[in-house]
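*Asks:* got a predicted model here, sequence first, then my questions.
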Amino acid sequence: MIFKAWFRRLVTLIAFVVIAVSTASPVHALEDGRKVSVVSFGLYGDQGVFRREATGAAEIVAGRFGNGSIDVRYNSKTGGGATIEALAKSLLVAANGLDADSDILFLILTSHGSPAGLAVKAGRLTQTLTPSKLAEMLARTGVRHKVVVISACYSGVFIPRLANPDMLVITAADADHPSFGCQDKAKWTYFGDAFFNFALRQAESMKDAFVVARALVRKRELHERFEPSNPQMAGGANVQPLLNVRP
């Protein structure tokens, strides 16, 4: 009798779970069906840290959010495929594989920066990626929801041209300060290490990851007596709720 009563309770519990899962499955299918495609460029070829950061950051973002395409490119002292023209094409290719209204395009850029924009160095080729040029590229993709993370000095100059409710922009510094850690043999810059390599591996949202990373960068800069870089986060009110992290 005890066994029969236990068995009936078990059957009832299983039935309840099956009903609950069946009821919830359309919602989960919708969430799991959203693609996050990653484009990650290490723009400055004279120092290997930008290649390593672009590669490592793309892997982490894809592992946490992505089920779409991944395109990683970088430059070296002899050349490379991470030019302004290549970036424009890569963004369009990634966009072609996305639903323009529901999917997310995630762009990572790492390089040296100045108040004019990002330095592009591929062998003898030198270019400057300006905020207006990047805004133009992103607009041409036609993808509504976008995330842009820029690890570079003075990268806050991109925020006024890019940030809006449909585009989340995170930068390693504000518009008036350098960021740090771009030594040739380093694996990460200070911001890349704090944001991608540490905070984003554990946080449940982009905002949480940014708050943790900003605190870590600030602590490291104070310890080394550097003037604060003041990492920035702006826009993205419509994007952040769509970024569902994987466990």
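*Replies:* Nice, I can see it. Numbers count the residues shown, from 1 in each chain.
*Asks:* for the protein, give me the ranges with low pLDDT.
*Replies:* The chain contains residues with pLDDT under 70 at 1-32, 247.
*Asks:* for it, which segments count as strands?
*Replies:* For the chain, the strands defined by DSSP state E cover 36-42, 70-76, 79-80, 104-110, 113-114, 117-122, 125-129, 145-151, 167-171, 232-234.
*Asks:* could I get these as TSV with distance to Gly181 and mean neighbour count?
*Replies:* Placement of C-beta: from N, CA and C, glycine included. Formatted as TSV, the strands of the chain follow (distance: least, C-beta to C-beta, whole Å; neighbours: other C-beta atoms under 10 Å):
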stretch	distance to Gly181	mean neighbour count
strand 36-42	14	26
strand 70-76	17	21
strand 79-80	21	18
strand 104-110	11	27
strand 113-114	13	22
strand 117-122	16	24
strand 125-129	20	15
strand 145-151	9	27
strand 167-171	15	26
strand 232-234	17	19
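*Asks:* for those strands, give me a markdown table that also has distance to Val93.
*Replies:* Formatted as a markdown table, the strands of the chain follow (distance: least, C-beta to C-beta, whole Å):
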| stretch | distance to Val93 |
| --- | --- |
| strand 36-42 | 9 |
| strand 70-76 | 7 |
| strand 79-80 | 18 |
| strand 104-110 | 11 |
| strand 113-114 | 25 |
| strand 117-122 | 19 |
| strand 125-129 | 18 |
| strand 145-151 | 15 |
| strand 167-171 | 19 |
| strand 232-234 | 27 |
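*Asks:* among those, which is nearest Arg64?
*Replies:* Arg64 lies closest, by C-beta to C-beta, to one member of the strands of the chain: strand 36-42, at 8.9 Å.
*Asks:* list the helices and strands that closest one packs on?
*Replies:* helix 48-64, strand 70-76, helix 84-96, strand 104-110 (3 or more C-beta pairs under 8 Å, 6 or more residues apart in numbering; DSSP states H and E).
*Asks:* turn the ones you listed into TSV, columns for distance to Met137.
*Replies:* Output for those, formatted as TSV (distance: least, C-beta to C-beta, whole Å):
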stretch	distance to Met137
helix 48-64	17
strand 70-76	14
helix 84-96	5
strand 104-110	9
